[in-house]
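[1] Have a look at this fold, sequence not included:
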Ligand code: CAA
Ligand code: FAD
């Protein structure tokens, strides 16, 4: 492993850092409080090439590697995790799968617009009765010859209202269990497709999380991704890469909180000296910095394996498991370092603490990551 970054990677990191500081910081508290989706900011991220970072430039992508993606995700997540989850879903769960498994027609019609950030996408696997237990989903895609008839409900869908295109995972042949599932591209506005209620959440409150209802939606056969029955494998393979994105989001939330705590500890005085001069605070900073460094190395390791075309399933699950725990631990301690000021909105750390929790839940809970890791260890 060699994580000496190239000039290009450093330029991407710096561009993401500048963008986050200059364009995301202002208004982040209000967006959180009022649950405002950062539409304008996401549009600008598209213009800067952050919405389709790893996609081939011939489909309007940035042609960058996964290391650059980790670096950019960390910087954006330090300031606004509601923006970075829109970015992560579009890059990892929507663009990646379309580029890897889509037909040339699907790439021209959908990927080119998603990768440029002109529109954004959503990935729809979870259901009211099937989250971790993803094979037991009930949404059906009945084969009607030249189209599928889609019926069911998807829950908790990120970019649920803002997306234009949705990748929906649905059961076509229940007898074949997970081998009877398909992945379909659904367009907003198709007859019978309704965006349901927006969730009022603990964290990432700017992100628009919605349920989606499908009633007799006719999805043309040419909108199926991959062979008949490939949908579940498609979802699992896509999520492997997605977990690098969410691990990097967790890393960013942790490092954002740590930087705030470090700076605050050098300004705040108690008992005649800066609180950073008290060993109890120094030890907290040391623990935070150590966990963050370990999380960063796990993220970069998974990204590097992916870039080399090597198996990264276990590495991505380890990165997500560890980085999301780090995000929780570090944000709680960052609030503590701030004392009472940490408990109010102006100092940002309380929001980062609320945002951290979701990284242990979506794209596979921490318990699911342990299942993935242990299966890899034992196989
Ligand atoms: N990579 C590739 N293939 C995988 C895989 C992986 N990580 N995990 C499982 N598979 C394949 C298996 O090989 C198997 O295929 P074959 O029969 O062809 O070999 C098939 O999937 C079924 O696997 P299992 O028998 O292991 O299935 P299972 O029912 O025991 O469950 C699981 C496996 C790992 C628990 C899986 O259901 C899972 O990952 N659950 C979590 C779901 C999840 O992460 N949801 C996230 C939704 S998206 C989201 O959350 C976005 C966001 O917030 C922003
Ligand atoms: P459950 O599966 O019911 O789990 C409940 C608890 O039981 C958890 O602690 C879990 O770890 C534990 N558990 C379950 N099974 C096991 C087991 N076998 N062993 C040990 N413990 C177990 N989904 C999408 O498809 N697309 C999205 O864009 C998306 N965005 C989301 C955004 C937000 C804000 C949220 C909250 C969720 C989002 N999700 C999305 C859904 C998310 O992926 C699921 O919530 C997650 O996979 C967990 O599923 P569940 O909520 O049904 O919990």
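    Thanks, I have it. The structure presented is a predicted model; accordingly, all values stated were derived computationally and were not measured. Numbering: from 1, shown residues only. Ligands and ions are numbered 1, 2, ... in the order given.

[2] in the chain, which helix has the most residues?
    The residue-count maximum for a helix in the chain (DSSP state H) belongs to helix 231-267.

[3] chain center to that one, what's the gap?
    The chain centre lies 8 Å from the centre of helix 231-267; the measure is Cα atoms, centre = their mean, to the nearest Å.

[4] What average pLDDT does the helix or strand just after it get?
    Later in the chain than helix 231-267, the nearest helix or strand by DSSP states H and E is strand 269-270. Here strand 269-270 scores 98 as its mean pLDDT.

[5] contact partners of whatever helix or strand comes next after strand 269-270?
    Under the assignment DSSP H and E, the closest C-terminal helix or strand after strand 269-270 is strand 273-274. Here strand 273-274 makes contact (Cβ atoms under 8 Å, 6 or more residues apart in numbering) with 265, 266, 267, 268. Where C-beta positions appear, they are placed from N, C-alpha and C, glycine not excepted.

[6] out of everything not next to it in sequence, what's closest to the second one?
    Here the nearest residue to residue 266 in space, its sequence neighbours aside, is residue 276; by Cβ to Cβ, 6 or more residues apart in numbering that works out to 5.0 Å.

[7] Measure how buried the one you found is and give me the count.
    Around residue 276 there are 18 other residues, counting by other Cβ atoms under 10 Å.

[8] what does residue 211 give?
    Residue 211 has 20 nearby residues by other Cβ under 10 Å.

[9] these two touch, right, it and residue 158?
    No - applying Cβ atoms under 8 Å, one finds residue 211 not in contact with residue 158, separated by 11.9 Å.

[10] wait, which of the contacts of strand 273-274 is closest to ligand 2?
    Proximity of the contacts of strand 273-274 to ligand 2 (Cβ to the nearest ligand atom) peaks at residue 265, which lies at 31.4 Å.

[11] Within range of ligand 1, give me the residues from the stretch 1-150 of the chain.
    Residues of the stretch 1-150 of the chain found near ligand 1 (Cβ under 6 Å from any ligand atom) are 85, 89, 123, 125, 126, 132, 134, 135.

[12] Of these, keep whichever come out buried.
    By neighbour count, with 16 or more other Cβ atoms under 10 Å, those hold 85, 89, 123, 125, 126, 134 as buried.

[13] Just the helices from this structure, written as ranges.
    7-19, 28-34, 39-47, 66-79, 81-88, 96-101, 104-106, 112-115, 231-267, 279-307, 313-338, 349-358, 366-378.

[14] mind checking which of those is nearest ligand 2?
    Nearest to ligand 2, of those and by Cβ to the nearest ligand atom, is helix 366-378 at 3.4 Å.
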